[in-house]
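In: Here is my input, please return the structure:
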Amino acid sequence: MYNNLYNYQRNGEQPEIRERMEKFGVDIMSIQELIMLILGSGVKDCPVEKISQKVAYEIMKKSDDNLYFRLLKIKGVGKSKASVICASVELGKRINNHTKRKISMPDDIIPLVNHYSLEKVEYFLTLSLNAAHEVIKIREVSKGSSNSALIQPREVFSDLIKENATAVIFVHNHPSGNVKPSVQDIEITKRLIKGGNILGIKVLDHIIISTDCFFSFTSEGIIKEFAE
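Out: I've put the predicted structure just below:
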């Protein structure tokens, strides 16, 4: 039964794997199946099933040798596929490291959320933190507007409690490019700090980002003022 997951056709399609992913989600896929989807196809006398086994071995084994050049030694893996595989592996590592990053200052946050500065609508985010101020999870609370009526402390902190957060940082983007807090931004921050104080989850900062700058409520002394 398990072997049927690796059925393939000579034209490089893996219909059963793709159908399983569409139906059940990518998180149920094995490492080999994920690699097969990345590779797309095999070569003559070397099906993608076999190539993916060898690629998985090279990815998982501990070696000081460059993964890219190790992959090039596998029949059916050229420079293009080796590059895509290495990029996929590195992307996974960086995303994983982001969730373990310790936040000491506002500058530590920007690399984690800077891509939202390119969005044409507002996103309101929470960065839940553990006792060591390491990022647990980045969550999108709302999209389209940071209107204070749409940001409900009860819902925001309900998710933070589920994540066992002891602290939180709020972030939202200003598509206009002007990072000066609006009256609504200030009101939201006050309400969230009050909610955090009641629940024992400390609000460390609220950051507004744009494509070329950001505003930190903590750096400006506003968080401290509201918390008193």
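
In: so where do the strands sit in the chain?
Out: For the chain, the strands identified by DSSP state E occupy 123-129, 135-143, 167-173, 202-209, 214-216, in order along the chain.

In: May I see the buried residues of the biggest helix by length in the chain?
Out: In the chain, taking DSSP state H as the definition, the longest helix is helix 79-98. In terms of neighbour count (16 or more other C-beta atoms under 10 Å), helix 79-98 has its buried residues at Lys81, Ala82, Ile85, Cys86, Val89. (Glycine included, C-beta is placed from N, CA and C.)

In: And for it, what's in contact with it?
Out: Contacts with helix 79-98, where a contact means C-beta atoms under 8 Å, 6 or more residues apart in numbering, come from 35, 38-39, 55, 59, 67-68, 71-72, 77, 111-112, 135, 138.

In: Now mean neighbour count and mean pLDDT too, for the strands of the chain, in TSV please.
Out: What follows is these, written out as TSV (neighbours: other C-beta atoms under 10 Å; pLDDT from 0 to 100):
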stretch	mean neighbour count	mean pLDDT
strand 123-129	23	94
strand 135-143	16	90
strand 167-173	24	96
strand 202-209	22	96
strand 214-216	20	94
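
In: returning to what we had before: of the contacts of helix 79-98, grab the buried ones for ChimeraX.
Out: Typed into ChimeraX, the line below selects the buried ones among those, using 16+ other C-beta under 10 Å:
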select :35,38,39,55,59,67,71,77,112,135,138
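
In: Next, format the contacts of helix 79-98 as CSV and append distance to Thr166.
Out: Formatted as CSV, the entries for the contacts of helix 79-98 read as follows, by distance: C-beta to C-beta, whole Å:
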residue, distance to Thr166
Ile35, 38
Ile38, 38
Leu39, 43
Val55, 40
Ile59, 35
Leu67, 37
Tyr68, 41
Leu71, 42
Leu72, 46
Val77, 45
Pro111, 22
Leu112, 18
Val135, 12
Ile138, 16
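
In: mind listing which of the contacts of helix 79-98 are in helices?
Out: For the contacts of helix 79-98, membership in helices holds for Ile35, Ile38, Leu39, Val55, Ile59, Leu67, Tyr68, Leu71, Leu72, Pro111, Leu112, with DSSP H as the criterion.

In: which among those residues gets closest to Leu127?
Out: Leu112 (7.1 Å; C-beta to C-beta).

In: Enumerate every residue touching that closest one.
Out: The contact partners of Leu112, by C-beta under 8 Å, 6+ apart, come to His98, Arg101, Leu127, Val135, Ile138.

In: I'd like those laid out as JSON lines, including distance to Ile17.
Out: What follows is the contacts of Leu112, written out as JSON lines (distance: C-beta to C-beta, whole Å):
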{"residue": "His98", "distance to Ile17": "28"}
{"residue": "Arg101", "distance to Ile17": "33"}
{"residue": "Leu127", "distance to Ile17": "34"}
{"residue": "Val135", "distance to Ile17": "32"}
{"residue": "Ile138", "distance to Ile17": "29"}
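
In: Quickly name whichever of these is closest to Ala167.
Out: Within the set of the contacts of Leu112, Leu127 lies nearest Ala167; the separation is 9.1 Å, counting by C-beta to C-beta.

In: measure the closest one to Arg70 for me?
Out: In this view, Leu127 and Arg70 are 36 Å apart by C-beta to C-beta, to the nearest Å.

In: again, but for Ser117
Out: For Ser117, the distance to Arg70 - C-beta to C-beta - is 37 Å.
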